[in-house]
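Asks: no FASTA, just this:
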């Protein structure tokens, strides 16, 4: 059984989808802990499922590296097989990424390498493209530059706003994330043998 820790910053909609999927008896992964860099509404989902939570507030640390060191310690308490970033709106320091690589994955609301960074949906609209997408990647020390595990195209519709487009991207992100976690858990996807 693959053990998973999830890191969030906000409402945790991807977390909720993963918790629902993992609650099925035949799903080959279990979420063992949920952490956040701030007091996050998504903790309510974890509590509903009886999943332990931990908080490592970024604002309490003098540097990203100090914060990352504490986050690393908290993760090691649970020693998960996989760490999923689920709307964690903060770049992880290189030391933390390297300590857990390649076992940290993240979703992104664009068809990478198109539109990396914090505003993938907004950037796609600003570029005037006719389609964008959703991706699941391995986290590396760059910004959305790690190996791509899954992705899918999503059309941009006339009159789309950042909100309407994001609302169509999110369900695809969730589905891809659940599928990737399942494939990692069954051994169909071997993170250790990815080409870097």
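Replies: Received the coordinates, thanks. Keep in mind the model is a prediction, meaning the values are calculated, not measured.

Asks: where does pLDDT dip in this protein?
Replies: 195-196 (pLDDT under 70).

Asks: what sits up against the top helix by length along it?
Replies: Ranked by residue count under DSSP state H, the longest helix found in the chain is helix 162-186. Residues outside helix 162-186 that contact it (CB atoms under 8 Å, 6 or more residues apart in numbering): 1-2, 4, 13-14, 17-18, 21-22, 27-29, 82, 84, 86, 105, 107-109, 121-122, 124-125, 132-136, 149-152, 154, 156-157, 189, 191. The C-beta positions use only the backbone N, C-alpha and C, and glycine is treated the same way.

Asks: same deal with stretch 44-54?
Replies: Stretch 44-54 has contacts (CB under 8 Å, 6+ apart) with 6, 12, 15-16, 19, 23, 31-36, 43, 74, 77-78.

Asks: thinking again about what came up before, now do the longest helix of the chain: distance to the chain's middle.
Replies: Put simply, helix 162-186 sits 10 Å off its chain's centre (CA atoms, centre = their mean, to the nearest Å).

Asks: one more: stretch 25-44?
Replies: Taking mean C-alpha positions (CA atoms, centre = their mean), stretch 25-44 and its chain are 11 Å apart.

Asks: buried set for it?
Replies: 27, 29-37, 40, 42-43 (16 or more other CB atoms under 10 Å).

Asks: so of the residues you listed, which ones are in helices?
Replies: residue 43.
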